[in-house]
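K.L.:
3D model of this:
(one chain, ligands or ions: 1)
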Amino acid sequence: MVSRSVNSVAPSATISLLARENELRAQGKNIISFSLGEPDFDTPKNVLEYACNEMYLGKTHYTPSLGIQELREKIAEKYRKENNVSVNAKNIIVTPTKFALYISYLTLLDPGDEILIPDPGWVSYVEMAHLVGARPVYYKLNEKNSFQIDEEEIKNKINKKTKAILINSPSNPTGSLFNMNSLKILRDIAIENDLVIISDEIYEKLVFEGKHISIASLDGMLERTITVNGFSKSHAMTGLRAGYLIAPQELIKYMDNVQQHTLTCSPTFSQYAALKALDDNEDTIKMVNEFKERRDLIYSGLSKISIFSVIKPNATFYIFPRFNYNGKNSMEMANILLENLNISVVPGIAFGPSGENHLRFSFSTSKENIIEGVERLQKLI
Ligand code: GLU
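P.N.:
Purely as a prediction, here's the structure:
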């Protein structure tokens with residue numbers, strides 16, 4: 001009954017872990033969750049009040065499929081001012097970030113085409129390729145190279161079928177940022193081989209050290225970059241599914257067709273929330289300051305546990321230590337932590353072959369939980 005493409009898709013490790021945790025909680029277990037990547041903060045009140053008010057004023061109907069014009073203009077302005085990318089409203093489609101990626105895949109990739117995916121990289125990049133019948137090809141980001149781009153590695157993976165390279169900086173799961181050198185290597189390769197870059201910038205606001213650079217701001221990249229971004233992580237509003245994509249205008253009309261025949265438009269309420277969120281940097285700054293303190297706490301805690309070797313993440317709310325424990329692989333290790341210590345983490349293998357022997361801890365949880373989690377881990381050792 002099931003199509004080949006859907007049959008080839010594995011469940012999302014991150015989303016299915018949430019269900020397992022909830023089951024264990026229902027059994028009365030005191031689970032500390034380091035698994036899911038969503039801010040544990042409340043959505044800023046001013047954002048909610050504004051969106052609710054708009055709903056009461058009647059904004060509960062369809063919007064144009066591309067999104068409300070005011071929001072598209074404001075997103076373009078943000079990218080011009082903050083990211084140095086010269087776009088206007090015509091380049092923007094308002095759509096949930098995950099769906100923005102899916103629209104990008106559908107628009108660019110025919111069955112059999114190849115897309116380069118970071119390894120380690122977020123769990124859904126690969127499976128979305130399977131969904132559209134394309135072939136995901138991993139490019140390795142080496143921790144010894146601070147997860148920067150290795151030119152030869154990318155060049156070796158390109159062939160006639162390669163259509164696009166996906167990048168994610170700041171990175172889930174490593175918490176690293178691509179430096180200018182990595183971006184220039186990617187730019188040169190993309191231009192030389194006539195490839196599109198899909199740049200997932202969803203963690204751009206959650207940076208502790210260093211600077212996020214949008215690859216679309218580099219010379220020659222505007223016409224071959226699709227940027228996806230959103231408000232889930234920057235404004236703790238994952239459930240509102242508020243995001244957008246930025247693409248060259250000639251792609252927008254095709255992407256709009258996909259949106260029209262699938263989603264129709266982003267939920268109207270979320271679009272108004274997004275409009276307000278674009279004015280609200282204060283809440284994001286507070287959240288980032290707290291994440292930074294937690295990053296320091298979990299980094300110093302895990303660094304003291306002998307089975308881990310830890311790189312300090314410069315961004316996001318993820319830390320991705322390597323472990324060495326009685327020959328266990330990451331799936332076995334995550335199970336040990338869940339069943340024996342009531343700690344939930346994502347096994348590194350979920351992020352690609354180079355993720356093996358790593359665990360992803362999301363420190364989007366209280367300092368008390370971080371301290372308690374580290375204590376439980378110390379007991380195991
Ligand atoms: N992106 C987050 C994560 O990696 C949220 C869950 C998801 O969409 O996979 O945990």
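
K.L.:
least confident secondary structure element in this protein?
P.N.:
Sorted by mean pLDDT, DSSP states H and E, the helices and strands of the chain end with helix 13-26, the least confident at a mean of 82.

K.L.:
for the next helix or strand after it, what is the distance to the chain centroid?
P.N.:
Counting by DSSP states H and E, the next helix or strand C-terminal to helix 13-26 is strand 32-33. How far strand 32-33 lies from its chain's middle: 20 Å, per Cα atoms, centre = their mean, to the nearest Å.

K.L.:
do a quick rundown of the strands in the protein.
P.N.:
Secondary structure of the chain by DSSP state E: the strands cover 32-33, 92-94, 114-119, 135-140, 162-168, 196-200, 225-230, 243-246, 308-309, 318-319, 322-323, 343-344, 346-347, 359-362.

K.L.:
and for the last one, what's in contact with it?
P.N.:
The set of residues that contact strand 359-362 without belonging to it, under Cβ atoms under 8 Å, 6 or more residues apart in numbering, is 33-37, 173, 298, 302, 317-321, 323, 330, 333-334, 337, 345-348, 350-351, 373. Glycine gets a C-beta too; all of them are placed from N, C-alpha and C.

K.L.:
from those residues, which land in helices?
P.N.:
298, 302, 330, 333-334, 337, 373 (DSSP state H).

K.L.:
quick check: of those residues, which lies closest to the ligand?
P.N.:
Lowest distance from the ligand to these (Cβ to the nearest ligand atom) belongs to residue 334, with 13.6 Å.

K.L.:
burial measure for that closest one, as a count.
P.N.:
24 (other Cβ atoms under 10 Å).

K.L.:
tell me the contacts of it?
P.N.:
344-347, 359.

K.L.:
what about 7 Å?
P.N.:
345-347, 359 (Cβ atoms under 7 Å, 6 or more residues apart in numbering).

K.L.:
how about the residue of the stretch 151-300 of the chain found nearest the ligand, nearest residue that isn't a chain neighbour?
P.N.:
Residue nearest to the ligand within the stretch 151-300 of the chain (Cβ to the nearest ligand atom): residue 172, separated by 5.2 Å. In space, and not counting its chain neighbours, residue 172 is closest to residue 122: 4.6 Å by Cβ to Cβ, 6 or more residues apart in numbering.

K.L.:
run a quick neighbour tally on residue 348.
P.N.:
With other Cβ under 10 Å as criterion, residue 348 counts 26.

K.L.:
per-residue confidence for it?
P.N.:
You'll see residue 348 listed with a pLDDT of 96.

K.L.:
wait, it touches residue 357, no?
P.N.:
Yes - at 6.5 Å, residue 348 counts as touching residue 357 under the criterion of Cβ atoms under 7 Å.

K.L.:
any common contacting residues for the two?
P.N.:
residue 330.

K.L.:
on that earlier part again, do the least confident helix or strand of the chain and the ligand meet at all?
P.N.:
Yes - applying Cβ under 6 Å from any ligand atom, one finds helix 13-26 touching the ligand at 14-15.

K.L.:
near the ligand, which residues of the stretch 1-150 of the chain are found?
P.N.:
That would be 12, 14-15, 36-38, 122-124, which are the residues of the stretch 1-150 of the chain within reach of the ligand (Cβ under 6 Å from any ligand atom).

K.L.:
below-threshold pLDDT in this protein: ranges please.
P.N.:
The model of the chain has no residue with pLDDT under 70.

K.L.:
all helices of it, in order?
P.N.:
Assigned by DSSP H, the helices in the chain fall at 4-7, 13-26, 45-56, 69-83, 97-108, 124-131, 151-157, 180-192, 249-261, 268-277, 282-303, 330-341, 367-380.

K.L.:
re the thing from before, using JSON lines, lay out the strands of the chain together with mean neighbour count.
P.N.:
As requested, those are arranged in JSON lines below (neighbours: other Cβ atoms under 10 Å):
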{"stretch": "strand 32-33", "mean neighbour count": "22"}
{"stretch": "strand 92-94", "mean neighbour count": "26"}
{"stretch": "strand 114-119", "mean neighbour count": "24"}
{"stretch": "strand 135-140", "mean neighbour count": "18"}
{"stretch": "strand 162-168", "mean neighbour count": "23"}
{"stretch": "strand 196-200", "mean neighbour count": "24"}
{"stretch": "strand 225-230", "mean neighbour count": "26"}
{"stretch": "strand 243-246", "mean neighbour count": "26"}
{"stretch": "strand 308-309", "mean neighbour count": "17"}
{"stretch": "strand 318-319", "mean neighbour count": "26"}
{"stretch": "strand 322-323", "mean neighbour count": "18"}
{"stretch": "strand 343-344", "mean neighbour count": "23"}
{"stretch": "strand 346-347", "mean neighbour count": "24"}
{"stretch": "strand 359-362", "mean neighbour count": "28"}
